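Engineer: Mind looking at a prediction? Sequence and model below.
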4 protein chains.
Amino acid sequence: MEKYLSVIELEEAATSILPKTARDYYRSGATDEHTLKENKRAFQRLRIRPKCLVGLTDCNLRTTILGDEVSMPVGISPTAMQKMAHPDGEIANAKAAEKEGVIFTLSTIATSSIEEVAKAAPQAVKWFQLYIYKDREVTKNLVLRAERAGFKAIALTVDTPFFGLRRADVRNKFTLPQHLRLANFEGHLATKIHSSGDGSGLSTYVNNLFDKTLTWDEIKWLKSITKLPIVAKGILRGDEAVKAVEAGCAGILVSNHGARQLDGVPATIEALPEIVEAVKNYNVEVYLDGGVTTGTDVYKALTLGAKAVFVGRPALWGLALGGQAGVQRMLNIFRTELESTFQLAGTSSIADITRDMVVHESVYSKL
Amino acid sequence: MEKYLSVIELEEAATSILPKTARDYYRSGATDEHTLKENKRAFQRLRIRPKCLVGLTDCNLRTTILGDEVSMPVGISPTAMQKMAHPDGEIANAKAAEKEGVIFTLSTIATSSIEEVAKAAPQAVKWFQLYIYKDREVTKNLVLRAERAGFKAIALTVDTPFFGLRRADVRNKFTLPQHLRLANFEGHLATKIHSSGDGSGLSTYVNNLFDKTLTWDEIKWLKSITKLPIVAKGILRGDEAVKAVEAGCAGILVSNHGARQLDGVPATIEALPEIVEAVKNYNVEVYLDGGVTTGTDVYKALTLGAKAVFVGRPALWGLALGGQAGVQRMLNIFRTELESTFQLAGTSSIADITRDMVVHESVYSKL
Amino acid sequence: MEKYLSVIELEEAATSILPKTARDYYRSGATDEHTLKENKRAFQRLRIRPKCLVGLTDCNLRTTILGDEVSMPVGISPTAMQKMAHPDGEIANAKAAEKEGVIFTLSTIATSSIEEVAKAAPQAVKWFQLYIYKDREVTKNLVLRAERAGFKAIALTVDTPFFGLRRADVRNKFTLPQHLRLANFEGHLATKIHSSGDGSGLSTYVNNLFDKTLTWDEIKWLKSITKLPIVAKGILRGDEAVKAVEAGCAGILVSNHGARQLDGVPATIEALPEIVEAVKNYNVEVYLDGGVTTGTDVYKALTLGAKAVFVGRPALWGLALGGQAGVQRMLNIFRTELESTFQLAGTSSIADITRDMVVHESVYSKL
Amino acid sequence: MEKYLSVIELEEAATSILPKTARDYYRSGATDEHTLKENKRAFQRLRIRPKCLVGLTDCNLRTTILGDEVSMPVGISPTAMQKMAHPDGEIANAKAAEKEGVIFTLSTIATSSIEEVAKAAPQAVKWFQLYIYKDREVTKNLVLRAERAGFKAIALTVDTPFFGLRRADVRNKFTLPQHLRLANFEGHLATKIHSSGDGSGLSTYVNNLFDKTLTWDEIKWLKSITKLPIVAKGILRGDEAVKAVEAGCAGILVSNHGARQLDGVPATIEALPEIVEAVKNYNVEVYLDGGVTTGTDVYKALTLGAKAVFVGRPALWGLALGGQAGVQRMLNIFRTELESTFQLAGTSSIADITRDMVVHESVYSKL
Ligand SMILES: Cc1cc2nc3c(=O)[nH]c(=O)nc-3n(C[C@H](O)[C@H](O)[C@H](O)COP(=O)(O)O)c2cc1C
Ligand SMILES: Cc1cc2nc3c(=O)[nH]c(=O)nc-3n(C[C@H](O)[C@H](O)[C@H](O)COP(=O)(O)O)c2cc1C
Ligand SMILES: Cc1cc2nc3c(=O)[nH]c(=O)nc-3n(C[C@H](O)[C@H](O)[C@H](O)COP(=O)(O)O)c2cc1C
Ligand SMILES: Cc1cc2nc3c(=O)[nH]c(=O)nc-3n(C[C@H](O)[C@H](O)[C@H](O)COP(=O)(O)O)c2cc1C
C-alpha cells in the first residue's frame, strides 16, 4: 500500500479496479454533481496563514470526541454495504479504525452486523449511524443492539427522508449483489433490497421503509430509549443546528451526505462557519464530512471550528485496494499530512490552533 | 423514453438526430452565445439551504397560475414551428402538457393552428403567445381566435421588435421546410417565410411583418379587444416590470427569449430577484424561462419569487425524440427532480418555501 | 466576403492565410499576452439591461466626432505597415472607411503616405496618428503635411516611449519586407527599419528614433504648429486623462495599444468609466479601442461614456481577406450587430442610451 | 542562450533535459501544488496603471539592499544542491550573479562550499542561507565561516522546522547523487543524505538534523555570534513580520519556500501588502520570492512595497541549460522585461514608483 501517497491516488486506483456498479454507487453524487465537485473545491478557496519559530514540540494530534480519546481528529463516516468493496467489508474498516485509534461509524444498512463489528474491533470507538424506519420497533431494536454492543454514539442521519437521485444507480438498476445481505436485519428487511424495479433497488428499499415524516421531536423519543449521545448528521444551516441542539443532540455533523442527496447545496466547509457561530453558546461538538481529501483540508475544518472531520469515500477506496491495510494506509496518509500541516503551520497540537490561522481567499482581493 | 434520466441527455440525444438546419435553429442563441451559457451557469451559482426533520408530508407540487390549477409549476414556453422536430408538432406538445397537467403556450408562428391545438388538447391550460403584426387586423384576429378557442392568457412577447442575430440561421439560410406552413395564417402570411433572401428567411419574415414601433400603450388596446389576462414575456429589468404592470399586465414572464435576441443580457435567474422586488406591491404573478434544466433550477426560481417557470428547448428535445411521449418524459424528469428537491430541502409544498432557502454562492465567500 | 458573419470569423480566416511574420506581428500582444485576452474578456463581464416597447424608430447610428459627422461610432485605429496584409494597404483601408462613412486613422509608420491616402479617399474623415521623433523637424513636417492634406485630427500616441516586448517579433527578427517602405519618410527614416540586428527590426527603429523624454508640455508645442485638434491616444487612468485635457487635448482615446505595449495593464473597457468620470466637467470627447469585437462591445463602451470606439486588428483581418471589400465587410458586420443591439436594447439612437443600460456582472452576485 | 526570450521558455527547455529525479526535486511543490500555481496566478490578478509623457530618462534599476548596491532589484534565492543541475553548480550561479551585479544566496545544503563560492565570485554580493542544526556548534561554524568569507547577510529560513511533503521526491526516493556531497559539511553531515530509507532521503536528513524547536529568541543568539544582518526568510503574516523585526531582523523575505513547504498558504504576492503595512514604522527592508516569472511580476512586487524580489527556480532552469551563461540569460530576461515595464509604466527609477501604480483586478469590478 505504501506506493499510494495521497487519497487522490487511492481514489484513482480503486475506481479503476472496482466493478462498474459498485464504483458508480460509491463515487456518484446527486443529479448533476455540482456539489460533489464543490465539496472539494471549496477547501481550495481557503488559505492557511502559518506561523514560524513558535517553539514546536512533537506534534500531538490526540483529541477527545464526545469524551472518547482518539489518536487524531479524523474519523470514518458511515457508508453502506462495504462488502461490495472488499469481502471483509465493515469488519476490515472497523479493525483499521481500531488499529489507528480513530472513530468508526457503522451504517444502518451495512453488510456486517452491529454484533459482528463489535466483536471484530472491540477496542475501536464505534458509532452507529441510524436511519429511522417507519416501523419503530425495528428502529428501537437497532439502537438497543448498538448500545448493548458497546457503540458510543448514535449518528442520526437527518438529511435522508429518502434517497437522492443518483443517475448512475438508476441506470445500473443498482441493488446489493445476491450473495450479500443487509446484515443488521432479518427477513425481508435484509433482502428486499435485492429486488429492483425499474430503477435503483436501494432507492426503492429506502423510500418504502424509511420514515420521512420525522420531526425534531424524534430526538426526544431516541433519548427515551438510549443513554447514548445523539449526533445529528446532515446539518447545513445554523438555525437547523440550533434546533438539533435544543432537541437534545450532543453533536452536529455538518454533512451533505457526500453530495449524494440534493445537488446545489453548499459545500460542507462553506456551511461550517455559520453553524459553529450559531451553536457557540451551547455545549455541543461540531464535526464535518464531505470532500475531505488532504491533511490541509482537515486543518482548515479544525480551524473553522470543527472538533473532528470524517471521511466516507476515502475509506471505501482504501478498503477496495487492500481491505484493512488499505484503510490504514488511507488513515496514515491523513496522519502524515496532518502532522506536516500542524507543524508547518506552527501549531503543535489542536489547542494551538486559533481562528486566525485560516482565511477565505477573497481576503486577499482587498488589497 | 425511460432511458433518458435528465434533460441534458434529452438534449444530447435530440441534437444528434435532428437535421442540421432544425438543430441549429432550435439550439442557437444570439451572436456569441454568452448569455446562452450564462442562462444555465447562473443557476449553478445559487445554493439551496435545506432543512431537516420538518415533518414532511407527501410532496405537493400543485399550484395555480392566473387562477388555473396545474400539477406543477413548470410550463411549456412558446417555440415556433415545432413540426420541424416531429410531424405531430405543437399537437403532440399540447397533448403532453394536457396529460401532465401543465400549461402549454402556442407560438404565433406555429405549424399547428390555434384551432387544431384547441381541438387536440381541450383540457390543457393553453396560453397563446402573441407577436403584434403591423397589420392590426391580423393581430386582432389571432387574439379573438385564441380567446374563442379557450386559451387562457395572451403571452405578449415584448423583446422582439425584430429577430436577434443567429449566425447559424443566416449561414443555413434558414426557412420553414416547403411542406410546412405557419398554420395560424392564410396566404402570404403563412408562406412568405419560405422565400429566403441572402440570410435567414425567418428573420426577413419577422422584420417585414412585425411592428417594432410598439409602446406600452399597446396593452390598453389589447385589453380593449380581449378579456384574457396579458402576460408580458421578455422582461429583464425591475422598472420595465413596473411599466408592464401599470400598463395592465397580469403576469410578467422574465425571459431573454432563450438568449436568442440580444447577447450579453443578464441570465434570467440573475434578473429575477430585482423584478420580484420591483412589483412586490402589485397584484401580479412573475414567471421565468431560460436555461431551466433541472429540478433544482426550478426550485431556485420559485424561491427567488417566481410563481412558475417555463421551458422552451427541453420540450423541443422531448418532441424530437418521441413526440408526445418525449415531451411527457421531459416533464416527468422535471417532476421527479422537483419532488426530490422539495423533499430533500424540507419543503412539502410551494407554500413551505421561504426566501432563505436559497442564497448566492458569494455569501459563502464572506467567512 | 458575405460568408463571414462575425469579426471572429474574419480573424480566423485572415490568420490562416497571412504569412507567419505578418500574422505574428499583427496578432501579438506584449510578453505573456494576459491583457490581450482581458481586452476581450472584460467586455463579457458587462451586462446590457434592455428595455421593451419603447416605440422604436428606425435605428440611427449617426454621430459627430470632433465636429465631423460619421455614419456610426466605430472608427479605424492606426495600425502600422498595412501593405503586409494586402498590396493596397492603407489606401484600401481608407477607401473602405470613406465608403462606410467612418473615421480612418493613418499611422506615422504607414506603408502609404499621407498624400497618397488623402488623394485616394478625399471624402473620408481622416486622422493622423503621430509618433514624435527626436528630430522635431521630422515631426513638425508630418503634422503640417497631415493638416495640409485635409486630415482632421492628430492622434498623438502617448503610450509608446518605445515599443513593447513582443516575443514573436523578436523571434522572427521582424522587419518590413524589402519591397515596402515607410511611406511618410524619405531616406534612412523610410528604410532603416529593414536592417534588423538580433531582434525585432521595428523595435530597434522605434527605440532609436522616437523621443521617449516627452512630457505633457509637448501638447503646447503641437498646438503651436497646428490648428488640428489633438487626441491623446493611450490613456488608462483618470488622472492622466485630466493631465491630457489640461494640456490642451480635445479628445482622449482610452487605449492600451491593443495590449502590445505593457502586459498586465487594465483592459480598456475596465479603464473607461474612471476616465469618463475624471473628465466629466471638461469639454472633451472620450473614445476607446482594444478588443472591440462585436456590436454589443461597442454598445457597452458607448453606455459607459465613450463617444466612439475604434478597431485596429479587425481592419487588418478584413484587409488581409479582401482589401477594401474586406474592411467594408468588417465595418458592415459591426453596423449590423450594432443596429441589432441598439434596437433590441430599446434605444433607437445614441441619444437614447442612458448609463443604466449596462452593469458589471458582479451586480448580479448581490442577491 | 539568446533563443530563450522568457523565463517560461527556460523552464520548459530545462525541465525537458533534466533527469527525472532532479527535475522533480526542482519543480515540485508541497502535496497538491495549489500554492505552487497560485504563486504565479496571483500576480496576474494585479493590474499596472501606467502613466504617460512623464519625461522619461534612461531607465535606472539600481538600488541598495542592506546597504549594498545592486544593478537591479532581482536577486537569487537559495536553492539546495545545484550541481544536480550543472557540474558547476553554485559556482556558476554565483559568478552569473557577480557578473550581473545582483545578490546571490548560498544554501546551507549546497553542493559547493562557502569558501569555494567566495573564491569564485569575490565581487558578488553574497548572502548565506542558514538552517539551524540541532548541533549549535555546527550552526555557529557555518555562520562564522560565511562572515569570514565576506558574505553580507544571513538569510535565516524560518519556514522549515522540517521539510514539506513533496510526493515526487518520496516516490523517487530522492537523495543526492553519490558523486556529490553537501559541501559545507564534513563527514556524516555531508553524506548522510545519501542513505534514503523508504522515502525522500533529503527529508530524512532534514528531519533528523534540523532543530524544529526554535523560537524568535534564536535571533538574539545569532546576533551574539555575528555582526551580519539577519533576514527572516519565510514570513507570510504581518504579525510574524513584526515579531521578526522586534527580534532583531534587518530584513523580511516574504516567501513560502517556493510553495514547497505547506500547500494552501497564500501566494507570496498576496501576503506582501499586509506585511509591508505591518512593519511600515520599523527600519526594515521587505523582499519577496515565489513565482516571480516576468518583469511585470517584479514591478508589481516593488509597487506593493518590496525592496527587491528573489528567484529560485528560474536560476535553476538557467543553470541547467547553460551554467553561468544560462543564469545570466535568465537575469537578462528579467532586466529587459523590467526596464520595459519601468519605462512603459512611466517610471524611470525605483524612486518614481508610487503605490497607485498597481491595483487588484477586483477594483475594476466596482463599476
Ligand atoms: C457509498 C456511500 C454510502 C453512504 N452510505 C451512507 C449511509 O448508509 N448512511 C449515512 O448516514 N451516510 C452515508 N453516506 C454518506 C457518508 O456518511 C458521508 O456523509 C460522506 O461520504 C462524506 O463525504 P466524502 O465521501 O466526500 O468523505 C454514504 C456515502 C457514500 C459515498
Ligand atoms: C427554437 C425556439 C423558438 C422560439 N420561438 C419563440 C416564439 O415563437 N415566440 C416567443 O415568444 N418565444 C419563442 N422562443 C423563446 C421561448 O419562448 C423561451 O423564451 C425560451 O426558449 C426559454 O429558454 P429555454 O429554451 O432555455 O428554456 C423560442 C425559443 C426557441 C429555442
Ligand atoms: C499590428 C498593429 C500595429 C499597430 N500600429 C500602431 C501604430 O502605428 N500607432 C499607434 O498609435 N497604434 C498602433 N497600434 C495600436 C492600434 O492603434 C490600436 O490601439 C489597437 O490595435 C486596438 O486594439 P485592437 O487591435 O484589439 O482593436 C497597432 C496595433 C496593431 C495590432
Ligand atoms: C529546488 C529548490 C531548493 C530549495 N532549497 C532551499 C534551501 O536550501 N534553503 C531555502 O531557504 N530555500 C530553498 N528553496 C526555496 C527558495 O529559496 C525560494 O524560496 C523559492 O524557490 C522561491 O520560489 P520560486 O522558485 O518560485 O522562485 C528551494 C527551492 C527550490 C525550488
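Structural biologist: Perfect, thanks for sending it. Numbering: from 1, shown residues only, chains lettered A, B, ... in the order given. Ligands and ions are numbered 1, 2, ... in the order given.

Engineer: from here on, contacts and neighbour counts on C-alpha atoms
Structural biologist: OK.

Engineer: What does A:Leu106 show for phi and psi?
Structural biologist: Main-chain torsions, A:Leu106, degrees, to the nearest 10: phi -90, psi 130.

Engineer: In contact with it, which residues?
Structural biologist: For A:Leu106, the contact set (CA atoms under 8 Å, 6 or more residues apart in numbering or on different chains) comprises A:77-79, A:90, A:114, A:126-129.

Engineer: let's see it at 6 Å
Structural biologist: Residues in contact with A:Leu106, defined by CA atoms under 6 Å, 6 or more residues apart in numbering or on different chains, are A:78, A:128-129.

Engineer: quick check, nearest of those residues to chain C?
Structural biologist: Ranked by distance to chain C (CA to the nearest CA), those are led by A:Pro78 at 36.3 Å.

Engineer: Could you confirm that closest one falls within a strand?
Structural biologist: No: counting by DSSP: H, G, I helix; E, B strand; the rest coil, A:Pro78 is not part of a strand but coil.

Engineer: Please look at it and A:Thr105 and confirm they touch.
Structural biologist: Yes: between A:Pro78 and A:Thr105 there is a contact under CA atoms under 6 Å: 4.9 Å.

Engineer: Would you mind identifying the next helix or strand past the helix or strand A:Asn208 falls within?
Structural biologist: Per DSSP states H and E: A:Asn208 is located in helix A:201-209. Following helix A:201-209 in sequence order, the next helix or strand is helix A:217-225 (DSSP H and E).

Engineer: Mind checking if that following helix is in reach of chain B?
Structural biologist: No: on the criterion CA under 6 Å from any CA of the partner chain, helix A:217-225 is out of touch with chain B, staying 8.6 Å away.

Engineer: So A:Gln123: helix, strand or coil?
Structural biologist: Each residue gets one of three states, and A:Gln123 gets coil by three-state DSSP.

Engineer: how many neighbours does it have?
Structural biologist: Neighbours of A:Gln123 under the rule other CA atoms under 10 Å in any protein chain shown: 15.

Engineer: Show the pLDDT at it.
Structural biologist: We have a pLDDT of 98 for A:Gln123.

Engineer: gap between it and ligand 1?
Structural biologist: The gap separating A:Gln123 from ligand 1 is 22 Å, by CA to the nearest ligand atom, to the nearest Å.

Engineer: Closest residue of the stretch 151-300 of chain A to chain C?
Structural biologist: A:Pro266 (15.9 Å).

Engineer: For that residue, list the residues it contacts.
Structural biologist: By CA under 6 Å, 6+ apart, A:Pro266 lies in contact with B:Arg47.

Engineer: Now do the helices in the stretch 201-350 of chain A.
Structural biologist: Using DSSP state H, counting those that start in this stretch, the helices of the stretch 201-350 of chain A run over A:201-209, A:217-225, A:238-246, A:268-278, A:295-303, A:313-345.

Engineer: In TSV, list the ones you listed along with mean neighbour count.
Structural biologist: Putting those into TSV (neighbours: other CA atoms under 10 Å in any protein chain shown) gives the following:
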stretch	mean neighbour count
helix A:201-209	19
helix A:217-225	14
helix A:238-246	20
helix A:268-278	23
helix A:295-303	24
helix A:313-345	25
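
Engineer: Figure out which of these is closest to chain D.
Structural biologist: Across those, closest to chain D is helix A:313-345 (CA to the nearest CA), at 6.3 Å.

Engineer: which residues make contact with the helix or strand following that closest one from outside it?
Structural biologist: Next helix or strand after helix A:313-345 toward the C-terminus (DSSP H and E): strand A:358-360. Strand A:358-360 is touched from outside by A:46-49, with contacts defined as CA under 6 Å, 6+ apart.

Engineer: Can you tell me the strand partners of strand A:358-360 and which way each runs?
Structural biologist: Paired strands of strand A:358-360, with direction, are strand A:46-48 (antiparallel) (DSSP bridges).
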